[in-house]
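Engineer: Make a model of this:
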Amino acid sequence: MQAWFAAHPLVSYIIIFVLITYVYNKVFRVKQKLPLLKEVLLYIFMAIGSGMLLVFQHDKLPIIQCLLVAVALMFMVRVRYFVEARQKKKAETAAKRG
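Structural biologist: Here you go, the predicted structure:
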């Protein structure tokens, strides 16, 4: 897999940028929206950081794989919260009936 990513740097860069953007939006984004200029600067810095991570990816470090693991863990936490909220809602409904 590392060899394929090394052979396709544009695809690797896009994957890294998308994963970093996803992680930022799900973990670090504040509740209120940033002003447009700050938002643009933030994404420019993320694009520059993605370029730096692409260099590490080409130096045989598993950057994309680590980002995929982070996204998978975030997905598992999201599923857990969904299940807990559903169980809590079920318990409240049962308490109202009984």
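Engineer: which helix is the longest one in this protein?
Structural biologist: Longest helix of the chain, by residue count under DSSP state H: helix 63-97.
Engineer: what's that one packed up against?
Structural biologist: In terms of contacts (3 or more CB pairs under 8 Å, 6 or more residues apart in numbering; DSSP states H and E), helix 63-97 is packed against helix 9-23, helix 36-58. In short, each C-beta sits where N, CA and C put it, glycine included.
Engineer: Who are the packing partners of the shortest one?
Structural biologist: The helices and strands touching helix 9-23, judged by 3+ CB pairs under 8 Å, 6+ apart, are helix 2-7, helix 36-58, helix 63-97.
Engineer: Go through the helices and strands packed on helix 63-97 and name the closest to F82.
Structural biologist: Smallest distance to F82 across the helices and strands packed on helix 63-97 (CB to CB): 17.8 Å, for helix 9-23.
Engineer: Report the buried residues of the longest helix of the chain.
Structural biologist: Across helix 63-97, burial judged by 16 or more other CB atoms under 10 Å covers I63, I64, L67, A70.
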